[in-house]
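J.: Task: produce atomic coordinates for the following.
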Amino acid sequence: QVQLVESGGGLVRAGDSLRVSCAAIGRALSVYTIAWFRQAPGKEREFVATMSGTGSNVKYTDSVKGRFSISRDNAKNTAYLQMTDLKAEDTGVYYCAARPNYTPGNDYPYWGRGTQVTVSS
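T.: From the prediction side, this is the model:
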């Protein structure tokens with residue numbers, strides 16, 4: 001069973017960039033499809049981006065296309081979400097999630113505890 005630990009959140013200004021990381025512990029990250037979700041105060045958790053185990057299949061929610069970039073370094077067992085041109089509406093707790101490659105559906109059984117990203121306007 002893999003454990004996921006996020007890091008790199010913080011307080012930034014609108015227009016700034018920030019990279020959050022997700023370290024996988026206990027299993028090789030390469031066997032998992034990874035995803036980033038976020039939850040703003042008072043709102044439901046929403047999907048942000050996902051990347052397949054080989055990195056060949058990447059998807060983003062529309063609101064972050066062109067600004068965010070998901071990546072992974074399987075040798076370091078770490079995934080990343082590079083965020084640029086941050087906006088106040090990007091504020092929230094960012095969660096890393098994983099599911100075994102080739103698993104049907106969109107459920108993610110493994111989750112980290114999240115890292116807070118706050119964007120001041």
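J.: going forward, measure contacts and count neighbours with C-alpha atoms only.
T.: Fine.
J.: Wait, Cys22 touches Thr78, no?
T.: Yes: using Cα atoms under 8 Å, Cys22 and Thr78 qualify as a contacting pair, with a distance of 5.4 Å.
J.: Go ahead and name everything in contact with stretch 99-108.
T.: Counting by Cα atoms under 8 Å, 6 or more residues apart in numbering, the neighbours of stretch 99-108 from elsewhere in the structure are Val31, Tyr32, Thr33, Ile34, Ser52, Gly53, Ala97, Ala98, Pro109, Tyr110.
J.: got the residue ranges for the strands in the chain?
T.: Assignment of strands within the chain using DSSP state E yields the ranges 3-7, 10-13, 18-25, 32-39, 46-51, 58-60, 68-73, 78-83, 92-100, 110-111, 115-120.
J.: coming back round to it: looking at Cys22 and Thr78, which one has more neighbours?
T.: Cys22 (26 against 20; other Cα atoms under 10 Å).
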